[in-house]
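In: coords please:
(one chain, ligands or ions: 2)
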Amino acid sequence: MADTPTLVFDFDSTLVRVETLEVLADIALDGRADATDIRGEIGRLTDQAMAGEIAFGDALRRRLALLPLNQSHVTALADRILEEGTPSVRRNLRFFQDNADRIIILSGGFREIIAPIAQRLGIAADRVFCNDLIYDAEDQVVGVDDSNPLSRAGGKPEVIRSLHLTGPVVMIGDGWTDAEVKLAGAADRFYAYTEIVRREAVVAAADAEVPSMDELLHLEGLPGRWSYPRARVRMLLLENIHPAAVMRLEEAGYTVETRKGALDEDDLIAALKGVHVLGIRSKTQVSERVLAEADRLMAVAAFCIGTNQIDLDACATRGVAVFNAPYSNTRSVVELAIGLTITLMRDVADKSAAMHRGQWNKSADGSRELRGKTLGIVGYGAIGSQLSVLAEALGMRVVFHDLSERLALGNARRMRSLDALLAESDVVSLHVDGRKENENLIGAAQLSRMKTGTLLLNLSRGHVVDIGALTQAIGSGRIGGAALDVFPEEPRTNSDPFDSPLMGLKNVILTPHIGGSTEEAQEAIAEFAADRLLGYLNRGDTTFCVNLPNVQLADVSGGHRILHIHRNQPGVLAELNRELTTAGLNILGQHLKTDERTGYVITDVDHGYEPEALRALKTVAGTLRFRLLH
Ligand SMILES: NC(=O)c1ccc[n+]([C@@H]2O[C@H](COP(=O)([O-])OP(=O)(O)OC[C@H]3O[C@@H](n4cnc5c(N)ncnc54)[C@H](O)[C@@H]3O)[C@@H](O)[C@H]2O)c1
Ligand SMILES: O=C(O)CC[C@@H](O)C(=O)O
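Out: Numbering: from 1, shown residues only. Ligands and ions are numbered 1, 2, ... in the order given. Here you go, the predicted model:
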């Protein structure tokens with residue numbers, strides 16, 4: 001077809017991640033005393049030639065003259081060149097193989113090195129244009145074939161012109177000699193390929209910069225390994241999320257930006273423009289207003305347990321998936337709760353503070369062992385139930401209260417009411433979730449039901465305790481001490497001030513929301529939440545999603561996957577399938593899962609269909625979000 005473009009690829013630092021001559025220099029100079037100097041000179045010549053500062057043919061001959069190169073060196077590189085394929089080229093191998101008849105390799109490099117890659121990509125030998133090394137009788141390289149235009153300045157445009165290609169010619173490469181093809185009028189478009197090396201002058205001369213094959217194929221409207229270049233998917237991670245997450249997401253090809261603190265609503269709205277995935281911890285409020293303004297948002301990950309800072313319903317209504325890491329910091333919170341209980345029981349915090357002021361106060365008054373005391377756990381979920389096990393192991397009696405039916409572990413006793421638990425406990429530890437209804441769960445009335453001298457711990461959410469009432473109860477002596485890790489108002493960053501009426505009170509320990517802040521927990525959260533995001537973005541997998549139906553999915557293989565999130569209303573699946581049939585799609589497999597609010601349909605189809613036909617799926621009544629994956 002006349003309009004089908006011919007894609008002309010450079011080789012070094014484009015199809016492979018190395019510069020051939022530099023690697024040959026390393027091999028040929030191995031063990032020589034002057035290796036560093038020669039190596040440096042060769043690198044300089046390569047850079048100057050690639051940036052267009054000296055003529056290519058000139059640079060090639062000068063570099064070869066510097067090298068004691070022989071056939072065995074060339075063969076050594078040829079034998080391992082397949083390992084040096086550029087990552088996104090390797091990923092898109094199938095594109096090369098399926099489109100080999102519209103691809104040309106055009107390089108100043110050498111045939112022996114290019115041939116194995118061309119073969120792997122399925123490109124016929126007569127579509128490879130490159131230099132031929134000349135050897136003497138001892139197999140030493142003495143130069144290149146001077147009659148080959150590619151051994152001279154301006155060789156690449158000359159070769160392309162001589163081919164009399166019909167249809168558009170698209171040149172792709174990292175060097176100046178590639179830019180020259182377009183500048184000399186031998187190509188219609190030139191893409192500066194920057195996955196391996198980025199040269200300013202080359203980028204400036206290009207129609208566009210492509211940091212990967214995925215981007216190139218996307219810009220050219222050609223089918224690649226990924227339905228959408230992952231580098232175009234922008235992720236914003238706030239609140240100092242562990243670098244393990246950034247590493248995992250970047251390694252998968254996504255573009256990740258990080259910021260240390262949380263953002264207020266207006267700043268978050270501004271920061272979310274064009275962002276597809278938001279990562280937060282407990283402080284960033286993802287409100288209805290934020291979501292209404294987020295033009296691209298498809299997923300939010302809470303890199304923590306709590307999700308009360310996110311308007312989950314508003315997210316679901318927009319088809320925005322929300323993930324968290326429900327178990328990764330559980331143990332850290334439990335260990336801190338145990339430590340704080342002992343610290344409160346022994347008045348350690350005040351005694352230590354006094355020592356720092358030079359006061360020695362050796363006394364057993366008010367100091368008690370854990371053993372035999374009753375711990376009342378409010379909220380017997382992941383944290384509460386694990387605390388129960390550890391507290392019993394330390395000799396405590398455990399009672400608990402939970403709104404849901406929970407299995408009592410060990411000898412723990414379930415209490416039918418919160419009041420009954422409060423009346424019986426020596427220590428009350430709060431581990432309820434952050435639902436709105438739990439605001440002031442512990443207020444003046446509840447504090448008055450506790451035994452005099454009871455200790456109170458809150459490592460759940462700040463709004464669960466009425467701080468004014470607690471301050472009074474501590475002042476009156478009803479509460480013997482308290483440890484609070486969470487507060488109704490928490491500073492957004494470490495540089496913002498903290499204030500609370502509890503500051504300075506006796507036997508009150510205040511910690512800056514660090515229950516889950518251990519190195520182990522933060523790394524585990526980072527990996528878990530990043531994996532959930534990758535599962536969703538790459539496969540459509542919603543396992544552990546907290547606001548959409550959970551569907552566990554294998555990788556897309558062979559076909560394409562259509563993901564359709566919709567309001568749970570009658571007839572959506574039937575209409576969707578009607579549209580799929582009209583579009584001529586052959587369905588390979590289909591899942592539907594609904595909750596009371598939302599439906600999620602995953603349809604794997606054969607890829608031989610007209611992509612335009614899929615547009616109709618977006619118009620199916622009730623559609624919230626539609627995505628195609630392959
Ligand atoms: N301080 C920290 O750094 C830190 C770290 C992790 C988790 N958290 C918080 O700890 C809390 C517990 O986490 P989890 O993983 O155990 O959650 P979870 O969902 O496993 O357990 C919470 C339990 O509380 C129960 N519950 C809710 N409201 C209740 C009420 N009014 N009365 C009795 N029971 C009630 C639920 O039924 C559930 O069993 C959450 O608020 C979470 O955000 C804090
Ligand atoms: O690390 C955080 O910001 C939150 C920790 C904790 O409250 C959680 O919900 O997991």
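
In: most centrally placed residue in the protein?
Out: Centroid check for the chain by Cα atoms, centre = their mean gives Leu249 as the closest residue, at 2.6 Å.

In: And Thr582, how close does it get to His591?
Out: Per Cβ to Cβ, to the nearest Å, Thr582 is found 21 Å from His591. All C-beta spots, glycine's among them, are computed from the backbone N, C-alpha and C.

In: which one of these two has more residues nearby?
Out: His591 (14 against 11; other Cβ atoms under 10 Å).

In: give me phi/psi at the more buried one?
Out: phi -120, psi 140 (degrees, to the nearest 10).

In: same check, this time on Glu335
Out: The phi/psi pair for Glu335 (degrees, to the nearest 10) reads phi -60, psi -40.

In: Can you give the distance of whichever strand or helix holds Asp313 from its chain's centre?
Out: Following DSSP states H and E, one finds Asp313 within helix 312-317. Computed by Cα atoms, centre = their mean, to the nearest Å, the separation of helix 312-317 from the middle of its chain amounts to 22 Å.

In: what's it packed up against?
Out: Packing contacts for helix 312-317, counted by 3 or more Cβ pairs under 8 Å, 6 or more residues apart in numbering; DSSP states H and E, involve helix 288-293, strand 321-323.

In: Which positions in this protein make contact with ligand 1?
Out: Counting by Cβ under 6 Å from any ligand atom, the chain comes close to ligand 1 at 305-306, 326, 329-330, 333, 378-384, 401-404, 406, 431-434, 438, 441, 459-461, 485-486, 513, 515-516.

In: which ones among those residues are found in helices?
Out: Counting by DSSP state H, those place 330, 333, 382-384 in helices.

In: PyMOL command to pick out the buried ones of the residues you listed?
Out: Typed into PyMOL, the line below selects the buried ones among those, using 16 or more other Cβ atoms under 10 Å:
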select buried, resi 330+333+382+383+384
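
In: close to ligand 2, is the longest helix seen in the chain?
Out: Longest helix in the chain, counting residues (DSSP H): helix 519-539. No - shown here: helix 519-539 not in contact with ligand 2 (Cβ under 6 Å from any ligand atom), separated by at least 7.5 Å.

In: helices or strands up against that helix?
Out: Counting contacts by 3+ Cβ pairs under 8 Å, 6+ apart, helix 519-539 is packed against helix 243-251, strand 277-280, strand 299-302, strand 321-323, helix 330-345.

In: Now do it and helix 243-251, the angle between them.
Out: Computed by axes from the mean of the first three to the mean of the last three Cα atoms, to 10 degrees, the angle separating helix 519-539 from helix 243-251 equals 20 degrees.

In: Give the bridge partners for the residue lying closest to Ala412 once chain neighbours are set aside, please.
Out: The shortest distance from Ala412 to any non-neighbouring residue, by Cβ to Cβ, 6 or more residues apart in numbering, is to Val398 (4.1 Å). As for beta bridges, Val398 partners with Leu375 under DSSP bridges.

In: so Val398 makes contact with Tyr380?
Out: No - with contact defined as Cβ atoms under 8 Å, Val398 and Tyr380 do not form a contacting pair (9.4 Å).

In: so what sits against both of the two?
Out: Counting by Cβ atoms under 8 Å, 6 or more residues apart in numbering, the contacts common to Val398 and Tyr380 are 388, 412.

In: As TSV, the helices and strands packed on helix 519-539 with mean pLDDT and distance to ligand 2 would be great.
Out: As requested, the helices and strands packed on helix 519-539 are arranged in TSV below (pLDDT from 0 to 100; distance: least, Cβ to the nearest ligand atom, whole Å):
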stretch	mean pLDDT	distance to ligand 2
helix 243-251	98	13
strand 277-280	98	8
strand 299-302	98	7
strand 321-323	98	13
helix 330-345	98	7
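
In: These: which one's closest to Ala529?
Out: Checking the helices and strands packed on helix 519-539 against Ala529 by Cβ to Cβ gives strand 299-302 as the closest, at 4.5 Å.

In: Please name every helix or strand in contact with the closest one.
Out: Strand 299-302 packs on strand 277-280, strand 321-323, helix 519-539, going by 3+ Cβ pairs under 8 Å, 6+ apart.

In: What about the closest residue to His560 other than its chain neighbours, how many residues nearby?
Out: Distances taken as Cβ to Cβ, 6+ apart place His630 nearest to His560, at 4.4 Å, with adjacent residues excluded. Other residues near His630 number 18, with proximity taken as other Cβ under 10 Å.

In: dump the residue contacts of His630.
Out: 225-227, 556, 559-561, 607.

In: Name the nearest of these relative to ligand 1.
Out: Using Cβ to the nearest ligand atom, Arg561 is the member of the contacts of His630 that lies nearest ligand 1, at 31.5 Å.

In: just checking, that closest one touches Asp606?
Out: No - in this structure Arg561 lies outside contact range of Asp606 using Cβ under 8 Å: 11.5 Å.

In: Pick out whichever of these two has more residues nearby.
Out: Arg561 (21 against 13).

In: part of a strand, is the more buried one?
Out: Yes - counting by DSSP: H, G, I helix; E, B strand; the rest coil, Arg561 is part of a strand.

In: Up against ligand 2, what does the chain have?
Out: Applying Cβ under 6 Å from any ligand atom, one finds that the chain approaches ligand 2 through 281-282, 304-306, 329, 513, 515-517.

In: at 5 Å what do you get?
Out: The chain comes close to ligand 2 at residues 281-282, 304-306, 516, as judged by Cβ under 5 Å from any ligand atom.

In: Now render the residues you listed as JSON lines, adding distance to Arg416.
Out: Converted to JSON lines, the residues of the chain next to ligand 2 look like this (distance: Cβ to Cβ, whole Å):
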{"residue": "Arg281", "distance to Arg416": "35"}
{"residue": "Ser282", "distance to Arg416": "31"}
{"residue": "Cys304", "distance to Arg416": "31"}
{"residue": "Ile305", "distance to Arg416": "26"}
{"residue": "Gly306", "distance to Arg416": "27"}
{"residue": "Gly516", "distance to Arg416": "30"}
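
In: which one of those is nearest Gln359?
Out: Nearest to Gln359 among the residues of the chain next to ligand 2 is Gly516, at 33.9 Å by Cβ to Cβ.

In: List the contacts of the closest one.
Out: Counting by Cβ under 8 Å, 6+ apart, Gly516 touches 304-305, 328-329, 332-333, 522, 525.

In: same check, this time on Ala554
Out: Ala554 sits next to Arg539 when contact means Cβ under 8 Å, 6+ apart.

In: how about it, secondary structure?
Out: Secondary structure, three-state DSSP: Ala554 is coil.

In: for the one 3 residues further on, same thing?
Out: Three states are possible here, and by three-state DSSP the one that applies to Ser557 is coil.

In: how near is the residue of the stretch 451-600 of the chain found nearest ligand 2 to Ser429?
Out: Residue nearest to ligand 2 within the stretch 451-600 of the chain: Gly516 (3.9 Å; Cβ to the nearest ligand atom). Going from Gly516 to Ser429 by Cβ to Cβ gives 15 Å.

In: what does Gly372 give?
Out: 17 Å.
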